[in-house]
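J.: requesting a structural model of the entry that follows:
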Amino acid sequence: MSSSSHDHSLPPARVEEVSDGVYAYVQPDGSWWINNTGFLAGRRGVICVDACSTERRTRAFRQAVGQVSDRPITTLINTHHHGDHTFGNWLFPEATIIGHEGVRDQIIADGVPAYRAAWSPEVQWGAMEVTPPFLTFTDRVTVYSDDLRCEVRHVGHAAHTTNDSYVWIPERRLLFSGDLVFNGGTPFVLMGSVAGALDSLAQLRGLGAATVVPGHGEICGPEVYDQVEGYLRFVQETARRGRQAGLSPLDAARETDLGEWAGLLDAERIVGNLHRAYAELEGRPLGAPIDLAAAVLDMITYNGGRPLSCLA
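T.: As a prediction, this is how the structure comes out:
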């Protein structure tokens, strides 16, 4: 059932200037472990937003930065702890790595996570060195690319994870959303909160962004929020009906027609999302620990017992 099982090669990553001196690094197709990053090229140095999942992809990102600017990479911002955004941190030895304090804590706690085994064994992860942020914040921090103000803000609650931040450039009405926004892919909140993710969308809407660089998928505008919100409300309603019927999250997913959401990449995420939604219906605090291993195993079961597709 995994809609990210492709029978064709992916287009190459590309650099797109989304505002003067500000670039998105878009990695198609945005499915499991294939994220977007970005960078700001200033006169004295470069600020990067997120790393990539594999050594090869992160080296390619660095090479792309070097083709735009010959200035050193001074800063790397992590929007959250997930490995597609942080496994490549170790390849930025010259940079100050910035992240929410929860990003640092979770990367240290996870180490090199064993859950990578849930994905296709063909993935070439390359070398890995656990490298958490060493400059952390609790609420927000401001960085400057020359005179351009960039606000790195923690959403304040569990959403995609428990430690999500976004990078907001108010002068340009430009947002690097991290994985608070998926464009064309199934939103994923197993390690965060369905309700909290909905609240985060309200926060993002209030910014008034004209351009959104999502964590996965093509560059877009604020209309993407409606798609993400619609899917998350679908998850909540599916969980409500499934729990009332006495179904497990896996069985509720199996009995549910994804309808308009069937075309999103990585459809099996419905199962993980339902595990989180059930926990919230049971009254657990947003982002409270749940059995992640059981949820991932259920996603594999939903996927016909096959490892989850990954083309990173």
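J.: rest of the way, CA atoms for contacts and neighbours
T.: Fine.
J.: pLDDT weak spots in this structure?
T.: Residues of the chain meeting the criterion pLDDT under 70: 1-8.
J.: ok, the longest strand anywhere in it: who's next to it in the sheet?
T.: The single longest strand within the chain, with elements called by DSSP state E, is strand 174-182. Each strand paired with strand 174-182, and its direction, by DSSP bridges: strand 165-169 (antiparallel), strand 211-216 (parallel).
J.: check which element follows the last one along the chain.
T.: For strand 211-216, the succeeding helix or strand toward the C-terminus, using DSSP states H and E, is helix 224-244.
J.: what packs against that next one?
T.: Contact here means 3 or more C-alpha pairs under 8 Å, 6 or more residues apart in numbering; DSSP states H and E; on that basis helix 224-244 packs against strand 174-182, helix 194-205, helix 249-254, helix 269-281.
J.: so which of the ones you listed is nearest Thr79?
T.: Nearest to Thr79, of all the helices and strands packed on helix 224-244, is strand 174-182, at 5.5 Å by C-alpha to C-alpha.
J.: backbone dihedrals for Ile108, please?
T.: Main-chain dihedrals, Ile108, degrees, to the nearest 10: phi -70, psi -40.
J.: so what's the residue nearest to Leu232 when sequence neighbours are not counted up against?
T.: Nearest non-adjacent residue to Leu232, counting by C-alpha to C-alpha, 6 or more residues apart in numbering: Val194, 6.4 Å away. Taking C-alpha atoms under 8 Å, 6 or more residues apart in numbering, we find Val194 in contact with Ala159, Leu232, Val235, Gln236, Asn273, Arg276, Ala277.
J.: which one (most neighbours) among those residues?
T.: Comparing the contacts of Val194 by number of neighbours (other C-alpha atoms under 10 Å), Arg276 comes first, having 33 neighbours.
J.: report the separation between the closest residue to that one other than its chain neighbours and Ile300.
T.: Using C-alpha to C-alpha, 6+ apart and skipping residues adjacent in sequence, the residue nearest Arg276 is Leu190, 5.4 Å away. Separation of Leu190 from Ile300 (C-alpha to C-alpha, to the nearest Å): 14 Å.
J.: same thing with Tyr115?
T.: Between Tyr115 and Ile300 the distance is 12 Å, computed by C-alpha to C-alpha.
J.: okay, those two: which has more neighbours?
T.: Taking other C-alpha under 10 Å, Tyr115 and Ile300 do not tie; Ile300 has more neighbours (22 against 11).
J.: and the more buried one, what helix or strand is that in?
T.: Assessed by DSSP H and E, Ile300 sits inside helix 292-302.
J.: I'd like to know which elements that helix is packed against.
T.: Helix 292-302 sits against helix 249-254, helix 269-281, with contacts defined as 3+ C-alpha pairs under 8 Å, 6+ apart.
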